[in-house]
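>>> with the sequence up front, the predicted model follows.
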Amino acid sequence: MSCGVHARDDHRHQEQPSATQRRAWRRFGNHGSSRGSRGRARRRWWRGRGRGGGKGAVSVFKKGGAGADVNAGDGSTAVSRLQKWLLKRPVETVQLRSLTWQRLIDPHKEGQWWHTAASSQPIGSLPATSASGSASLAVQLAGNALLDAADVAEAERLMQLASAQRMNTDARRAVFCVIMSAEDYIDAFEKLLRLGLPGKQDREILRVLVECCLQERNFNKYYSLVAGRLCGHARSHKFSLQYCLWDHYQQLPEMEPRRSLHLAQFAAQIVGNHALSLALLKPVDFADPAAMQPRIALHFRLFFLFLLSSFPPSTLWSLFSRIAAPTTLGPLRDGILLFFAAHLSPHAPSTRQLLQYIRSEGASEGGAGGSTGGVGKAGMEKVLEERLRLAKKGISNIAGTPYK
């Protein structure tokens, strides 16, 4: 008898359903039915709550509703119910994207602060600002990455330099600040990943990087190393860099010689480090004499000379063998062989001048990155002749034979 009394007391002291739950039970099932029916009605109510409106965990607890009922009871019961509710929800609805520690501890959060943009702006695009406030906004965007790089005055100086370099959007200015203030290429790579540019605006990273490389007075390998890291991190960066270089190839007839030289060195470093393949040259029609204008021919002569003289034979064999098998690259292979015969004769006077220039460039950099740094003038011609022979064999290596 006492057991029955205690059981009734336990049932009496159980948590009573809220008004919202009672209304839901009356809608989905009979409140006076058996305990199993009430349990099924309760589960249907929770599922309907999850599907109705597609609200995530943040929005539910921000506006009350299910969060108010959960927090009203015992602490352990509330945690248990919350865990069960989150397990039933899709992962995407409770994921907080691009949320940094600096944004989390900011005491002046307003609106939907857990999103990338403010609540007054649509998610997926940068908020529009006036011309006077664009600099401060770009500094704020770069703040996620520039936590320990420079103070506000230094960031403002970088913003003025970005405007002088025609970085005409907030995303480009933020990327420019990160690239120019990084300690090394690894630091720049990590800070660029922390920028959190929304939507497709991360494509601006490679375009700004290439533009900074072409604006330098002397070529700097720093930009090619950062680009190689980005291409190895995500395939989307490979496509962005490829289309960026294709756009610059269309401007070769009117491009300044210094920019063309830096572009050739940058592309040679990118291809030689396996960030992109020689399929990058697909849009170039090497077999058309009319298309091979003097500036275009000079650019690709420099590209191949930098490539052949800066990397060891095993790397070159791998690069040229990679384009040997695909049938879609047949015109490219024929065009490269024709270009070698017409424009890269090792004993031509113009080729000798270019080799001498490349040798002087390698000496100014301390011989770093070049496989022919200590070779004399006659030796450079001999090395080029051997590398050209190796490249031609690699293009014909359809079977994929490894380098010996």
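The structure has been received and is ready for your questions.

>>> quick check: Leu332 vs Leu280, distance?
As for Leu332, its distance to Leu280 is 10 Å (criterion: CB to CB, to the nearest Å). In short, each C-beta sits where N, CA and C put it, glycine included.

>>> the more surrounded of the two?
Leu332 (22 against 19; other CB atoms under 10 Å).

>>> grab the nearest non-local neighbour of that one.
Lys282 (5.6 Å; CB to CB, 6 or more residues apart in numbering).

>>> I figured that neighbour was touching Gly335, is that so?
No. Using CB atoms under 8 Å as the test, Lys282 is too far from Gly335 to be in contact (9.5 Å).

>>> what about Arg387, how many neighbours?
23.

>>> so which residues make contact with the host helix or strand of it?
Using DSSP states H and E, Arg387 sits in helix 377-395. Residues outside helix 377-395 that contact it (CB atoms under 8 Å, 6 or more residues apart in numbering): 305, 308-309, 313, 316-321, 323-324, 333, 336-337, 340, 344, 346-347, 351-352, 355-356, 359, 372, 375.

>>> now stretch 230-249
189, 192-193, 202-203, 205-207, 209-210, 214, 227, 255, 263, 267, 270, 275-276, 280, 283-284.

>>> next one: stretch 258-270
210, 213-217, 219, 221, 223-224, 227-228, 231, 241, 245, 248, 252, 255, 276, 280, 295, 298-300, 302-304, 306-307, 310, 369.

>>> got a quick PyMOL command for the buried subset of the contacts of helix 377-395?
In PyMOL syntax, the buried subset of the contacts of helix 377-395 is picked out as below (16 or more other CB atoms under 10 Å):
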select buried, resi 305+308+309+313+316+317+318+319+320+321+323+324+333+336+337+340+344+346+351+352+355+359+372+375
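
>>> show me what counts as buried in the helix or strand containing Trp246.
For Trp246, the host element (DSSP H and E) is helix 235-250. Residues of helix 235-250 classed as buried by neighbour count (16+ other CB under 10 Å): His237, Lys238, Ser240, Leu241, Gln242, Cys244, Leu245, His248, Tyr249.

>>> tabulate these (a markdown table), appending distance to Glu385 and pLDDT.
Listed next are the buried residues of helix 235-250 as a markdown table, based on distance: CB to CB, whole Å; pLDDT from 0 to 100:
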| residue | distance to Glu385 | pLDDT |
| --- | --- | --- |
| His237 | 36 | 93 |
| Lys238 | 33 | 94 |
| Ser240 | 37 | 94 |
| Leu241 | 32 | 96 |
| Gln242 | 31 | 96 |
| Cys244 | 33 | 95 |
| Leu245 | 28 | 96 |
| His248 | 30 | 96 |
| Tyr249 | 28 | 96 |
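
>>> any chance of a markdown table for those, columns distance to Glu183?
Formatted as a markdown table, these follow (distance: CB to CB, whole Å):
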| residue | distance to Glu183 |
| --- | --- |
| His237 | 21 |
| Lys238 | 25 |
| Ser240 | 24 |
| Leu241 | 23 |
| Gln242 | 28 |
| Cys244 | 25 |
| Leu245 | 27 |
| His248 | 28 |
| Tyr249 | 32 |
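
>>> wait, which of those residues is closest to Phe176?
Nearest to Phe176 out of these is Cys244 (CB to CB; 15.2 Å).

>>> out of the helices and strands in this protein, which is least certain?
When each helix and strand of the chain is scored by mean pLDDT, DSSP states H and E, helix 57-63 comes last, with a mean of 40.

>>> pull out the buried members of the contacts of stretch 258-270.
The buried subset of the contacts of stretch 258-270 - by 16+ other CB under 10 Å - is 210, 213-214, 219, 221, 223-224, 227-228, 231, 241, 245, 248, 252, 255, 276, 280, 298-300, 302-304, 306-307, 310.

>>> where strands are concerned, which of those count?
Judged by DSSP state E, strands contain none of the buried ones among the contacts of stretch 258-270.

>>> now, those residues that are in helices?
Using DSSP state H to define helices, the subset of the buried ones among the contacts of stretch 258-270 located there is 210, 213-214, 221, 223-224, 227-228, 231, 241, 245, 248, 298-300, 302-304, 306-307, 310.

>>> okay, buried residues for stretch 393-402 please.
Gly394, Ile395, Asn397.

>>> which non-adjacent residue is nearest the first one?
Yep, that's Gly394 we're talking about. Phe320 (3.0 Å).

>>> with the last one instead?
Distances taken as CB to CB, 6+ apart put Ser321 closest to Asn397, at 4.3 Å, once the chain neighbours are dropped.

>>> for that neighbour, give its distance to Ile398.
9 Å.

>>> who's in contact with Ala287?
So Ala287 contacts Pro331, Asp334, Gly335, Leu338 (CB under 8 Å, 6+ apart).

>>> now these: which count as buried?
Buried among these (16+ other CB under 10 Å): Gly335.

>>> columns pLDDT on top of the contacts of Ala287, output as TSV?
Compiled in TSV, the contacts of Ala287 are given as follows (pLDDT from 0 to 100):
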residue	pLDDT
Pro331	93
Asp334	94
Gly335	94
Leu338	93
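
>>> neighbours around Ser345, how many?
Neighbour number of Ser345 under other CB under 10 Å is 16.

>>> now do the helices in the stretch 101-250 of the chain.
For the stretch 101-250 of the chain, the helices defined by DSSP state H, counting those that start in this stretch cover 101-104, 134-143, 152-164, 170-181, 185-193, 204-215, 221-233, 235-250.

>>> and the closest residue to Leu308 other than its chain neighbours, how close does it get to Phe300?
Nearest residue to Leu308, sequence neighbours excluded (CB to CB, 6+ apart): Arg387, at 4.2 Å. According to CB to CB, Arg387 and Phe300 sit 16 Å apart.

>>> state the pLDDT value of the residue nearest to Leu332.
On the pLDDT scale, Lys282 is placed at 94.

>>> going forward, the N-terminal residue is numbered 58.
Renumbered: residue one is now 58, and that last one reads Lys339.

>>> count the residues that sit near it.
16.

>>> how close does it sit to Thr385?
Applying CB to CB to Lys339 and Thr385 gives a distance of 8 Å.
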